[in-house]
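**Q** when you get a sec, could you give me coordinates for this:
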Amino acid sequence: MMRKKQVMVFTAMLMSLALAGCGGQTSTDGSQNGNQNGAQSVQNGSGNAEAKNAEGAAENEKTLRVAFFWISADLDPANDYNGWVTSRLGVGETLVRLSDELKVEACLADEWENVDDLTWKFHIRDGVTFSNGTAVTAQECQASIERAVSMNDRASEYLKIASIEADGQELTIRTSEPNAALLNNLAEPVFDIIDTTQSEEQIKTAPVCTGPYKIAKFQSEQSVELAKNENYWDGKPGLDQIEVTQIADSDARAMALQSGEIDLTNTIDQTSTTLFENNPDYQVSSIISPRVNVAYMNHAETSPLHDLKLRQAVSYAVNRDAYAELIGGSPAHGLYSDATPFGNDAIWSFSYDKDQAEQILDEAGYLDVDGDGIREMPDGSKLTLHYLQAADHGSADSAILAQAVQSDLKEAGIQMEILSVENLSEYQSQGNFDFYTGNDNSAPTGDPQIWLETMYTGLGTSGKKNLTSFQDDRIDEIVAQMNQTFDQEERYRLAGEASEELNENAANLYLTNSYLNMVSSAKVKQAVQPVADYYFITKDITVAE
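**A** Predicted coordinates:
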C-alpha cells in the first residue's frame, strides 16, 4: 500500500511538472572451525549457574541490526569492489582515509611525505594490531598492498607502483611515473590492510583487518555477523555485536525499519525518507553526496546518439531542476557532484530549453514528417531511443528518473523506450543501448582524476569503465597533466576544464546530484552519514541503554 500511494503521488508530480545461495561460514579472525552461533555465543558449559551467567551477559550486550543493499559474494578486499563492503562494515581500514570535505586524513599511517615526483614515504602508526593481535608493521602493509595490486587491475592503475620497501614502521612507495593522485587513491578500500598470512579461503570469508569490528560469521550475499574488535587501536567500539543483512530493495529496507526488523540502514530512496522525517521514533542523517544520477549515452556509430546534434538536443530537453524537485537532491551541472570542490560553479552546463532542443533537431533534419508527434531520423526511420536500467536496481528513484526523461523527450518529439533488463552488463559490453542508467560516485577517492580517467579514457582497456565509446583528445591530455600536477588547486582547475569539455561534447546526461542517507530507530546514537560512501559502521555508533 505504501508503494502504491507513493507511485500515485509521483505520477501526479510528474504531470504537474509537465514531465510528461549461501556461502561458507567462518568464526572470528578466519578460524575454519566455524562457531555457528557467532563470536559472542556461549560454549556449552557444565552447570546451570554458568548458563544463567552467560544469559545475563548476553542480555547486557549491545547489539545492532543493520540492512545493507549489497553484501558481496566474498569479503576479500582485493577482489573487485568487495573492499567497499569490508570498509562499510567497519572491518577494513586503509593507510589514509577521507574526511567529509574529501580531504586526506591519517589512519593507519600517521605521517607521510611526497619526497619527489616518484617517491612517497609513510610512517605506519605505532601500536596498531590486527584484530588477532598481530602487530601492523610496514612489512605487513607492503604485503597487503602488493597483493591487491597483483590481484586487481583497478588497484594497479591507481598506484602505478615500481617498488615498495618496508623498514620497521617506514613504508616507501616508488611509482613508475608521476602519480599525483596516489595519496587519495590509497584511501580506496581495495587497499584495506589485511593480515596476508591467512589462507586465501580465510581471507574470502573472514579477512583479519584493523577496524573496530571483526567478522564472526559470513553468508555469501546474505548476511554478516560482526563482533567487537577488543584490540582496536582508536578507542573502544560502541557495540558488542552487529547483525548485517542484505536487503537489495530500497522499499523493503524502509519497511524492515518500520516493522522493527532492523535498527539502521542507508541508501533509502530520498523520496521514501519522508516516512521517517519529523518522527520521534526515527533519525535521518542526509547529505548531498559525490554521487550523480547519470543517463550514459552511446557514442558508437551503431546508436543515433553518435550524432552530436542529437545529444545536444537531448541535453537541452531534460529538466534537471524538476528532477531534483521530484526525487530530492540538486540539479547536476556536469561530471562532478556539487558535493565536490571541483569547479562546478565556474563551468558552462546545459539548462532546460525545449525551444533550443527543437530548433537543433529541426536544423539537423530530425523532423516529424508524418505528423504523429514523433520525429523521423534524417534517413526517414523513426527516431526511437532505448533506455536501459537494471531489473534489480532496487531503486524507485531510478525508475522515476527514467520516466521523467522519457516524458521530456516525448515533448521534444523523441520517442524513448525504457527497457528493464536482467543482464545490464551484457548489454553494456556489447554496446547494445542508447542510454543506460547509473548512480555513480564522481569522486570515489576524493580526487577528480580517477573517475575522469576511468569513465572517459582508455577505451577498451582492462580495468576502465568507458562503455560508451567516448573519446576526446583534450580529456586524454588533461588526465596526462593531472598525473604530473601535485598542486591541489591546479588539479581542481583541470577538473573543471574537463567537466566543461564533457558538457560541450554533450558526453552524457548528468541529471541530479544524489543524497546519501542513514536512517535509524531513535535508540541508535552517533549514526551519521559520511560524504565518502564507503564508510558506514564506525566505532562511535552505539545504542541507548
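**Q** please make it C-alpha for all contacts and neighbour counts, starting now.
**A** OK.
**Q** what residue is smack in the middle of the chain?
**A** Centroid-nearest residue in the chain, with C-alpha atoms, centre = their mean: Asn441, separated by 5.3 Å.
**Q** so what are the sheet partners of the helix or strand containing Leu516 and their directions?
**A** Taking DSSP states H and E as the definition, Leu516 sits inside strand 508-521. If you go by DSSP bridges, strand 508-521 pairs up with strand 264-266 (antiparallel), strand 282-297 (antiparallel), strand 330-331 (antiparallel).
**Q** just to revisit the earlier point, where does the residue nearest to the centre of the chain fall, phi/psi-wise?
**A** The phi/psi pair for Asn441 (degrees, to the nearest 10) reads phi -80, psi 110.
**Q** okay, now the nearest residue to it once chain neighbours are set aside: neighbour count?
**A** Closest residue to Asn441 in three dimensions, ignoring its sequence neighbours and counting by C-alpha to C-alpha, 6 or more residues apart in numbering: Arg291, at 4.1 Å. Residues lying near Arg291 (other C-alpha atoms under 10 Å) number 28.
**Q** show me what contacts Arg291?
**A** Neighbouring residues of Arg291 by C-alpha atoms under 8 Å, 6 or more residues apart in numbering: Ser337, Asn439, Asp440, Asn441, Ser442, Ala443, Asn513, Ser514, Tyr515.
**Q** who wins for neighbours among those residues?
**A** Asn513 (30 neighbours).
**Q** and the gap between it and Leu335?
**A** Going from Asn513 to Leu335 by C-alpha to C-alpha, to the nearest Å gives 10 Å.
**Q** now do the shared contacts for the two.
**A** Val292.
**Q** what number of residues lie near Ala346?
**A** 11.
**Q** let me see the contact set for it.
**A** Counting by C-alpha under 8 Å, 6+ apart, Ala346 has contacts Gly496.
**Q** okay, it: pLDDT?
**A** pLDDT recorded at Ala346 is 79.
**Q** check the burial of Ser163 by counting its neighbours.
**A** 13.
**Q** for it, give me phi and psi.
**A** Main-chain torsions, Ser163, degrees, to the nearest 10: phi -160, psi 160.
**Q** same question for Leu326.
**A** Phi and psi for Leu326, reported as degrees, to the nearest 10, are phi -70, psi -50.
**Q** against Gly211, how distant is it?
**A** From Leu326 to Gly211 the distance is 38 Å (C-alpha to C-alpha).
**Q** which of the two has more neighbours?
**A** Legend: neighbour count by other C-alpha under 10 Å for Leu326 and Gly211, higher for Gly211 (29 against 20).
**Q** which residues in the stretch 301-450 of the chain form strands?
**A** Ranges of strands in the stretch 301-450 of the chain, per DSSP state E, counting those that start in this stretch, are 330-331, 384-390, 415-421, 435-441.
**Q** and the residue lying closest to Ser223 once chain neighbours are set aside, what pLDDT?
**A** Once flanking residues are discounted, Ser223 sits nearest to Thr245: 4.4 Å by C-alpha to C-alpha, 6+ apart. Note on Thr245: pLDDT of 98.
**Q** assumed Thr245 was part of a strand.
**A** Yes - counting by DSSP: H, G, I helix; E, B strand; the rest coil, Thr245 is found in a strand.
**Q** low-confidence stretches in the stretch 51-200 of the chain?
**A** For the stretch 51-200 of the chain, residues meeting the criterion pLDDT under 70 lie at 51-60.
**Q** list the buried residues in stretch 465-481.
**A** Neighbour counts over stretch 465-481 (16 or more other C-alpha atoms under 10 Å) mark Lys465, Asn466, Leu467, Thr468, Ser469, Phe470, Ile475, Asp476, Ile478, Val479, Gln481 as buried.
**Q** before we move on, the earlier item: next, format the contacts of Arg291 as a markdown table and append pLDDT and distance to Gly365.
**A** Putting the contacts of Arg291 into a markdown table (pLDDT from 0 to 100; distance: C-alpha to C-alpha, whole Å) gives the following:
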| residue | pLDDT | distance to Gly365 |
| --- | --- | --- |
| Ser337 | 94 | 34 |
| Asn439 | 89 | 33 |
| Asp440 | 91 | 34 |
| Asn441 | 92 | 37 |
| Ser442 | 93 | 35 |
| Ala443 | 93 | 39 |
| Asn513 | 94 | 33 |
| Ser514 | 89 | 36 |
| Tyr515 | 88 | 39 |
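**Q** those residues: which two are farthest apart?
**A** Farthest pair in those (C-alpha to C-alpha) is Ala443 and Tyr515. Separation: 14.4 Å.
**Q** endpoints of stretch 359-370, how far apart?
**A** Stretch 359-370 stretches 18 Å from its first residue to its last (C-alpha to C-alpha).
**Q** pull the residues that contact it.
**A** Residues outside stretch 359-370 that contact it (C-alpha under 8 Å, 6+ apart): Lys309, Leu310, Gln312, Ala313, Ile374, Arg375, Glu376, Met377, Pro378, Leu383, Gly413.
**Q** switch the cut-off to 7 Å
**A** Stretch 359-370 has contacts (C-alpha atoms under 7 Å, 6 or more residues apart in numbering) with Lys309, Leu310, Ala313, Ile374, Arg375, Glu376, Met377, Pro378.
**Q** what's the answer for stretch 97-109, then?
**A** Under C-alpha under 7 Å, 6+ apart, the answer for stretch 97-109 is 94-96, 122-125, 184, 187, 446, 530-532.
**Q** how about CSV for those, with distance to Glu363, neighbour count and secondary structure added?
**A** Converted to CSV, the contacts of stretch 97-109 look like this (distance: C-alpha to C-alpha, whole Å; neighbours: other C-alpha atoms under 10 Å; DSSP: H, G, I helix; E, B strand; the rest coil):
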residue, distance to Glu363, neighbour count, secondary structure
Thr94, 54, 24, coil
Leu95, 55, 26, coil
Val96, 53, 25, strand
Phe122, 59, 21, strand
His123, 62, 20, strand
Ile124, 62, 24, strand
Arg125, 64, 20, coil
Asn184, 46, 24, helix
Ala187, 49, 24, coil
Gly446, 42, 29, coil
Pro530, 47, 21, coil
Val531, 44, 24, coil
Ala532, 44, 22, coil
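**Q** out of the residues you listed, the closest to Lys204 would be?
**A** Thr94 (17.9 Å).
**Q** so what's the closest one closest to, chain neighbours aside?
**A** Excluding the flanking residues, the one nearest Thr94 by C-alpha to C-alpha, 6+ apart is Asp192, at 4.6 Å.
**Q** number of nearby residues for the one you found?
**A** Residues contacting Asp192 under the criterion other C-alpha under 10 Å number 30.
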